[in-house]
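**Q** have a look at this fold, sequence not included:
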Ligand SMILES: Cc1cc2nc3c(=O)[nH]c(=O)nc-3n(C[C@H](O)[C@H](O)[C@H](O)COP(=O)(O)OP(=O)(O)OC[C@H]3O[C@@H](n4cnc5c(N)ncnc54)[C@H](O)[C@@H]3O)c2cc1C
């Protein structure tokens, strides 16, 4: 008889694990709390408008190729590279700065404020690229059984990278670039890790390398949710069952193994192995009642910033927006240092805007545009009350209208706002933290909640808050790492 596996959660990590397990011969069932698959990689549909709910681009796309190849399928997802990568509107400047992947074009774009930019970026990216390639295999794509094993693998990383560990991302960009604007632009990738560049270690300048030189940024033809739809199609072909509206809230165990998990209606779900795609830290606390993960202890861990997201369908075309856009204020450090631990909504918010309809015609009615706004805000540990959500949304929309010269309010056809409370309650994101546990040095590698349970020999974890970390390519790598664990422990089926 086939061995059975239950995957708790249908985020990209859960779906990728289910695909890999089904290819290995497991009978897989996915239990999902929400009404749709995808987790944060989800979709929102309103009156002819279709929005990607969270992620709007992907890097390291070769991880997708690897996922499909490992299960004997050609990657069915069509990707399109972004160049220019994005544009950045600075407060008080009418014209945005265009961020080109091509360094010659980038140099010209900033010639008035940063002489020799192409040469500076080349040096900066070469350094970040060396770090990326010296660590990708040894640290990012490895399972660790102990802190000692992790420390040993770090000793195989060339010593020249050591200073990266003790500097912040901001000090690294300060050293390499002279203008405030260029420094800010190169430090924005820290927000992709859900933190500010003033906290993020300099090692993550490797993200600049991945965006600008290595593999670049890609969007998915048909919208990001196409990835989920394709995975669902393949899982169906392999008889993987997905049960929606099913939240796991308890468990039963027997002789050091998990025998079943229990849903909100008290129904028991049994299998040979279990893989939790729910947050690896909070699942251990809230469902397994582990002492190392009580609310008090979880609250003391470092969590990434929470998302405040707005989805607006408008009549007309907003010419001054492109696929990816950043809108920044004038006091970057002051803003970053205070806003994210405050209980008050930002008055002059910094935000990101994505317009899928710039490249996809079927996601909005003809002559309309769909605008997705993401504003990083404090999580529910700091700001519990989001009854001021309309005020913050209006603040952002007014600012965006002024800076693009397009009256969003009077052209709005549909609108939806999601606060950290919504993200937390819909997908069980701990206190609304958007990207899960942060990536401080003491929360990565062997210091991150492990992908194998400490107590039960048939319980595993996949996704953003276990190894290696957050982001779409990382959770695909996470699914590969967890399969290695399962095969080590339980052999092949
Ligand atoms: C606003 C936003 C924008 C982002 N943009 C990007 C981007 O552009 N590029 C990028 O690479 N990454 C981006 N990310 C990060 C990326 O979305 C995540 O890292 C990734 O999708 C996480 O996938 P996952 O598999 O770990 O888990 P999730 O997507 O969180 O999925 C977990 C699933 O488990 C379910 N679940 C939880 N608890 C239970 C339970 N007890 N019982 C049953 N089901 C449960 C949840 O409902 C959910 O469906 C973004 C994230 C956010 C929030």
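**A** Okay, I see it. Note that the structure is a prediction, hence the values are computed from the model and not measured.
**Q** switch to C-alpha atoms for all contacts and neighbour counts from now on
**A** Fine.
**Q** where along the stretch 351-493 of the chain do the strands fall?
**A** Assigned by DSSP state E, counting those that start in this stretch, the stretch 351-493 of the chain shows strands spanning 351-355, 368-377, 412-418, 459-461.
**Q** and the pLDDT for the closest residue to residue 313 other than its chain neighbours?
**A** Excluding its sequence neighbours, the residue lying closest to residue 313 (CA to CA, 6 or more residues apart in numbering) is residue 370, at 4.5 Å. Residue 370 is assigned a predicted lDDT (pLDDT) of 97.
**Q** so who does residue 370 touch?
**A** Neighbour list for residue 370: 49, 50, 51, 311, 312, 313, 314, 355, 356, 357, 363, 364 [criterion: CA atoms under 8 Å, 6 or more residues apart in numbering].
**Q** and the gap between the residue nearest to the fifth one when sequence neighbours are not counted and the ligand?
**A** Okay, so that is residue 312. If the residues on either side of it in the chain are set aside, residue 312 comes closest to residue 415, at 4.5 Å by CA to CA, 6+ apart. Residue 415 sits 16 Å away from the ligand when distances are taken as CA to the nearest ligand atom, to the nearest Å.
**Q** thought residue 415 was touching residue 313?
**A** Yes: using CA atoms under 8 Å, residue 415 makes contact with residue 313 at a distance of 6.4 Å.
**Q** tell me which residues are up against stretch 109-121.
**A** The contact list for stretch 109-121, computed with CA under 8 Å, 6+ apart, reads 97, 98, 99, 103, 104, 106, 107, 176, 177, 178, 179, 182.
**Q** ok, residue 13 - how many residues close by?
**A** The number of residues packed near residue 13 is 30, by other CA atoms under 10 Å.
**Q** show me what from the stretch 1-150 of the chain comes close to the ligand.
**A** Residues of the stretch 1-150 of the chain lying close to the ligand by CA under 6 Å from any ligand atom are 8-14, 31-34, 38-41, 54-58.
**Q** just these: which are in strands?
**A** 8, 31 (DSSP state E).
**Q** which ones are touching the closest residue to residue 426 other than its chain neighbours?
**A** Leaving aside its sequence neighbours, residue 426 sits nearest to residue 34 (CA to CA, 6+ apart; 6.6 Å). Applying CA under 8 Å, 6+ apart to residue 34 gives the contacts 244, 245, 246, 426, 427.
**Q** include distance to the ligand, neighbour count and pLDDT when you put those into CSV, please.
**A** Formatted as CSV, these follow (distance: CA to the nearest ligand atom, whole Å; neighbours: other CA atoms under 10 Å; pLDDT from 0 to 100):
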residue, distance to the ligand, neighbour count, pLDDT
244, 8, 16, 98
245, 8, 14, 98
246, 6, 20, 98
426, 6, 15, 97
427, 4, 19, 98
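**Q** run the chain-centre distance for the lowest-mean-pLDDT helix or strand in the chain.
**A** Across the helices and strands of the chain, the lowest-confidence element by mean pLDDT, DSSP states H and E is helix 162-165, at a mean of 81. The chain centroid and the centroid of helix 162-165 are separated by 25 Å under CA atoms, centre = their mean, to the nearest Å.
**Q** mean confidence score for the helix or strand following it?
**A** Beyond helix 162-165 in the direction of the C-terminus, DSSP states H and E gives the next helix or strand as helix 169-176. The predicted model gives helix 169-176 an average pLDDT of 94.
**Q** in stretch 428-445, what counts as buried?
**A** For stretch 428-445, a neighbour-count test (16 or more other CA atoms under 10 Å) marks 428-440, 443-445 as buried.
**Q** which stretches of the stretch 51-200 of the chain have low pLDDT?
**A** In the prediction, the stretch 51-200 of the chain carries no residues with pLDDT under 70.
**Q** what ranges do the helices span in the stretch 51-200 of the chain?
**A** Counting by DSSP state H, counting those that start in this stretch, the stretch 51-200 of the chain has these helices, from start to end: 62-70, 103-109, 117-135, 147-155, 162-165, 169-176, 180-187, 189-192.
**Q** of all these, which one is nearest residue 392?
**A** Using CA to CA as the measure, helix 189-192 is the one of the helices of the stretch 51-200 of the chain that comes nearest residue 392, at 19.6 Å.
**Q** what sits up against the closest one?
**A** Residues external to helix 189-192 that are found in contact with it (CA under 8 Å, 6+ apart): 169, 196, 197, 200, 204, 205, 207, 208, 471.
**Q** find the nearest non-adjacent residue to the last one, please.
**A** Using CA to CA, 6+ apart and skipping the chain neighbours, the partner closest in space to residue 471 is residue 464 (6.8 Å).
**Q** settle this for me: the one you found is touching residue 477, isn't it.
**A** No: between residue 464 and residue 477 no contact is recorded; they are 10.2 Å apart, counting by CA under 8 Å.
**Q** still on that earlier bit, in JSON lines, list the strands of the stretch 351-493 of the chain along with distance to residue 143.
**A** Converted to JSON lines, the strands of the stretch 351-493 of the chain look like this (distance: least, CA to CA, whole Å):
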{"stretch": "strand 351-355", "distance to residue 143": "34"}
{"stretch": "strand 368-377", "distance to residue 143": "31"}
{"stretch": "strand 412-418", "distance to residue 143": "35"}
{"stretch": "strand 459-461", "distance to residue 143": "12"}
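**Q** so which of the ones you listed is nearest residue 258?
**A** Each of the strands of the stretch 351-493 of the chain has some distance to residue 258 by CA to CA; the shortest is strand 459-461, at 6.8 Å.
**Q** centre of the chain versus the closest one, how much separation?
**A** Put simply, strand 459-461 sits 20 Å off its chain's centre (CA atoms, centre = their mean).
**Q** hmm, it touching the ligand?
**A** No: judged by CA under 6 Å from any ligand atom, strand 459-461 and the ligand are separated, with a smallest distance of 9.5 Å.
**Q** kindly report the same for stretch 287-305.
**A** No: judged by CA under 6 Å from any ligand atom, stretch 287-305 makes no contact with the ligand; its nearest approach is 7.3 Å.
**Q** so what's the nearest residue to residue 333 once chain neighbours are set aside up against?
**A** Nearest-residue entry for residue 333: residue 198, 7.7 Å, with adjacent residues in sequence omitted and distances by CA to CA, 6+ apart. Under the criterion of CA under 8 Å, 6+ apart, the contact list for residue 198 reads 168, 169, 170, 333, 336, 337.
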